[in-house]
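S.K.: how would this look folded up:
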Amino acid sequence: MSSRPSPSFHRHQMDSLSKNNWNYSGGLNWTILLPECLTSTGLEEYVEANIAKPFGNETFVWHLPLKPQDAEKLIRMSTRSNEGRLTDGPNASSPESANETGGLGMYADTHDYFRVLTDLLNDQPVLLSKPTVDSIFAPQFAPGSSALRDMRASGKFAYQCSVDDSMEGVIAD
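M.R.: Below is the predicted model of the structure:
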(Lines give C-alpha, C1' and ligand atoms only; values in the text may rest on other atoms or scores of the structure.)
Protein backbone atom coordinates (compact mmCIF):
# COMPACT_ATOMS: atom_id res chain seq x y z
CA MET A 1 0.00 0.00 0.00
CA SER A 2 1.47 3.32 -1.03
CA SER A 3 1.60 6.05 1.56
CA ARG A 4 2.28 8.81 -0.96
CA PRO A 5 -0.03 11.72 -0.11
CA SER A 6 -2.41 13.20 -2.61
CA PRO A 7 -1.40 16.55 -4.17
CA SER A 8 -3.64 18.41 -1.72
CA PHE A 9 -2.12 16.58 1.26
CA HIS A 10 -0.72 19.72 2.86
CA ARG A 11 -1.69 22.77 0.93
CA HIS A 12 -2.16 25.46 3.58
CA GLN A 13 -1.64 29.18 3.36
CA MET A 14 0.79 30.72 5.82
CA ASP A 15 -0.90 32.39 8.76
CA SER A 16 2.18 34.35 9.75
CA LEU A 17 5.79 34.88 8.83
CA SER A 18 8.32 32.27 9.90
CA LYS A 19 9.48 32.56 13.54
CA ASN A 20 6.67 35.02 14.34
CA ASN A 21 4.05 32.60 15.58
CA TRP A 22 3.68 29.08 16.93
CA ASN A 23 1.04 26.45 16.27
CA TYR A 24 0.73 22.73 15.65
CA SER A 25 1.17 21.79 12.04
CA GLY A 26 1.19 18.78 9.81
CA GLY A 27 4.96 19.01 9.42
CA LEU A 28 5.56 15.44 10.62
CA ASN A 29 3.18 14.13 7.99
CA TRP A 30 5.88 14.57 5.37
CA THR A 31 7.98 11.96 7.19
CA ILE A 32 5.80 9.27 5.64
CA LEU A 33 7.60 9.88 2.35
CA LEU A 34 11.06 9.09 3.70
CA PRO A 35 10.82 5.28 4.03
CA GLU A 36 8.92 5.08 0.76
CA CYS A 37 11.60 7.02 -1.11
CA LEU A 38 14.48 5.13 0.53
CA THR A 39 13.06 1.60 0.64
CA SER A 40 10.08 1.52 -1.77
CA THR A 41 7.75 0.51 1.09
CA GLY A 42 5.08 2.51 2.87
CA LEU A 43 5.49 3.81 6.41
CA GLU A 44 3.34 1.09 7.97
CA GLU A 45 5.28 -1.73 6.31
CA TYR A 46 8.59 -0.08 7.20
CA VAL A 47 7.64 0.43 10.86
CA GLU A 48 6.33 -3.13 11.15
CA ALA A 49 9.43 -4.75 9.61
CA ASN A 50 12.15 -2.52 11.06
CA ILE A 51 10.81 -1.24 14.38
CA ALA A 52 7.78 -3.13 15.69
CA LYS A 53 8.73 -6.74 14.92
CA PRO A 54 12.39 -6.50 16.06
CA PHE A 55 11.21 -4.79 19.23
CA GLY A 56 8.56 -7.46 19.82
CA ASN A 57 5.52 -5.25 19.17
CA GLU A 58 2.70 -6.76 17.14
CA THR A 59 -0.08 -4.19 17.01
CA PHE A 60 1.32 -1.04 15.39
CA VAL A 61 -1.17 -0.38 12.59
CA TRP A 62 -2.45 2.57 10.58
CA HIS A 63 -4.98 0.69 8.44
CA LEU A 64 -7.34 -1.06 10.86
CA PRO A 65 -9.54 -2.58 8.13
CA LEU A 66 -6.50 -4.62 7.02
CA LYS A 67 -6.08 -6.05 10.54
CA PRO A 68 -9.59 -6.96 11.75
CA GLN A 69 -8.18 -8.81 14.78
CA ASP A 70 -6.90 -5.43 16.03
CA ALA A 71 -9.84 -3.35 14.76
CA GLU A 72 -12.37 -5.35 16.77
CA LYS A 73 -10.51 -4.50 20.01
CA LEU A 74 -10.45 -0.74 19.42
CA ILE A 75 -11.70 1.30 22.36
CA ARG A 76 -14.02 3.96 20.99
CA MET A 77 -13.75 7.56 22.03
CA SER A 78 -16.35 8.72 24.48
CA THR A 79 -17.86 12.06 25.38
CA ARG A 80 -19.21 12.93 28.82
CA SER A 81 -22.57 14.70 28.76
CA ASN A 82 -23.47 17.52 31.14
CA GLU A 83 -25.37 14.90 33.17
CA GLY A 84 -22.17 12.86 33.56
CA ARG A 85 -23.12 10.00 31.21
CA LEU A 86 -20.60 8.63 28.72
CA THR A 87 -21.66 8.20 25.11
CA ASP A 88 -19.78 7.11 22.00
CA GLY A 89 -17.90 10.01 20.51
CA PRO A 90 -16.40 10.60 17.09
CA ASN A 91 -13.15 8.99 16.01
CA ALA A 92 -10.23 11.40 15.98
CA SER A 93 -9.09 9.98 12.67
CA SER A 94 -10.68 7.68 10.19
CA PRO A 95 -9.42 4.10 10.38
CA GLU A 96 -10.08 3.95 6.63
CA SER A 97 -7.56 6.72 5.90
CA ALA A 98 -5.85 6.21 2.54
CA ASN A 99 -2.48 7.41 3.81
CA GLU A 100 -0.41 6.88 6.90
CA THR A 101 0.52 10.10 8.62
CA GLY A 102 3.59 11.00 10.61
CA GLY A 103 1.68 12.78 13.34
CA LEU A 104 -1.44 10.70 14.03
CA GLY A 105 -3.46 7.69 13.06
CA MET A 106 -1.30 4.84 14.34
CA TYR A 107 -3.02 2.35 16.62
CA ALA A 108 -1.44 0.01 19.16
CA ASP A 109 -2.57 -2.11 22.07
CA THR A 110 -1.73 -0.97 25.59
CA HIS A 111 1.04 -3.55 26.01
CA ASP A 112 2.92 -2.38 22.90
CA TYR A 113 2.27 1.29 23.65
CA PHE A 114 3.65 1.05 27.20
CA ARG A 115 6.55 -1.04 25.98
CA VAL A 116 7.64 1.91 23.83
CA LEU A 117 7.12 4.39 26.69
CA THR A 118 9.07 2.17 29.08
CA ASP A 119 11.93 1.94 26.61
CA LEU A 120 12.04 5.71 26.17
CA LEU A 121 12.22 6.17 29.95
CA ASN A 122 15.00 3.60 30.45
CA ASP A 123 18.57 4.74 31.09
CA GLN A 124 19.67 2.74 28.02
CA PRO A 125 16.82 2.96 25.46
CA VAL A 126 16.80 0.58 22.50
CA LEU A 127 14.52 2.36 20.02
CA LEU A 128 16.35 5.69 20.04
CA SER A 129 19.73 6.85 21.25
CA LYS A 130 19.92 8.36 24.74
CA PRO A 131 20.77 11.86 23.38
CA THR A 132 17.73 11.70 21.07
CA VAL A 133 15.43 10.66 23.93
CA ASP A 134 16.87 13.40 26.15
CA SER A 135 16.15 15.97 23.45
CA ILE A 136 12.53 14.79 23.20
CA PHE A 137 11.96 15.50 26.89
CA ALA A 138 13.97 18.73 27.00
CA PRO A 139 12.27 22.14 26.77
CA GLN A 140 12.13 23.14 23.12
CA PHE A 141 11.62 26.89 23.50
CA ALA A 142 13.94 29.36 25.19
CA PRO A 143 12.43 31.06 28.27
CA GLY A 144 10.79 34.32 27.21
CA SER A 145 10.92 33.45 23.49
CA SER A 146 8.11 34.55 21.19
CA ALA A 147 7.49 30.89 20.28
CA LEU A 148 6.89 29.98 23.95
CA ARG A 149 4.71 33.05 24.46
CA ASP A 150 2.64 32.22 21.36
CA MET A 151 2.24 28.58 22.41
CA ARG A 152 0.95 29.60 25.83
CA ALA A 153 -1.37 32.16 24.25
CA SER A 154 -2.95 29.48 22.08
CA GLY A 155 -4.53 28.01 25.21
CA LYS A 156 -5.53 24.52 26.26
CA PHE A 157 -4.95 23.08 22.78
CA ALA A 158 -1.21 23.54 23.16
CA TYR A 159 -0.95 21.42 26.29
CA GLN A 160 -3.20 18.40 25.84
CA CYS A 161 -5.07 16.17 23.40
CA SER A 162 -7.08 18.17 20.91
CA VAL A 163 -10.11 15.86 20.63
CA ASP A 164 -11.98 15.50 23.92
CA ASP A 165 -8.80 14.47 25.80
CA SER A 166 -9.56 10.95 24.59
CA MET A 167 -7.69 7.68 24.44
CA GLU A 168 -8.59 7.11 20.78
CA GLY A 169 -6.16 4.72 19.20
CA VAL A 170 -5.62 2.50 22.24
CA ILE A 171 -6.64 -1.09 21.57
CA ALA A 172 -8.02 -3.02 24.55
CA ASP A 173 -6.29 -6.26 25.46
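
S.K.: For the residue lying closest to residue 41 once chain neighbours are set aside, list the residues it contacts.
M.R.: Excluding the flanking residues, the one nearest residue 41 by CB to CB, 6 or more residues apart in numbering is residue 35, at 6.1 Å. Quick note: C-beta positions are derived from backbone N, CA and C, even for glycine. Going by CB atoms under 8 Å, 6 or more residues apart in numbering, residue 35 touches 41-43, 46-47.

S.K.: If we use 7 Å, what do you get?
M.R.: 41, 43, 46 (CB atoms under 7 Å, 6 or more residues apart in numbering).

S.K.: ok but residue 59 is inside a helix, no?
M.R.: No: Residue 59: not assigned to a helix; according to DSSP: H, G, I helix; E, B strand; the rest coil it is coil.

S.K.: can you tell me how far it sits from residue 50?
M.R.: 16 Å (CB to CB, to the nearest Å).

S.K.: For residue 74, give me phi and psi.
M.R.: Residue 74 adopts backbone torsions of phi -60, psi 130, taken as degrees, to the nearest 10.

S.K.: Next, work out how far apart it and residue 45 are.
M.R.: Counting by CB to CB - residue 74 and residue 45 are separated by 21 Å.

S.K.: what do you get for residue 134?
M.R.: From residue 134 to residue 45 the distance is 30 Å (CB to CB).

S.K.: Check residue 75 too.
M.R.: Distance of residue 75 to residue 45, given as CB to CB: 25 Å.

S.K.: Next: residue 106.
M.R.: In terms of CB to CB, residue 106 sits 13 Å off from residue 45.

S.K.: where along this structure do the helices fall?
M.R.: Counting by DSSP state H, one finds helices in the chain at the ranges 33-39, 43-47, 53-55, 68-71, 110-121, 130-137, 146-153.
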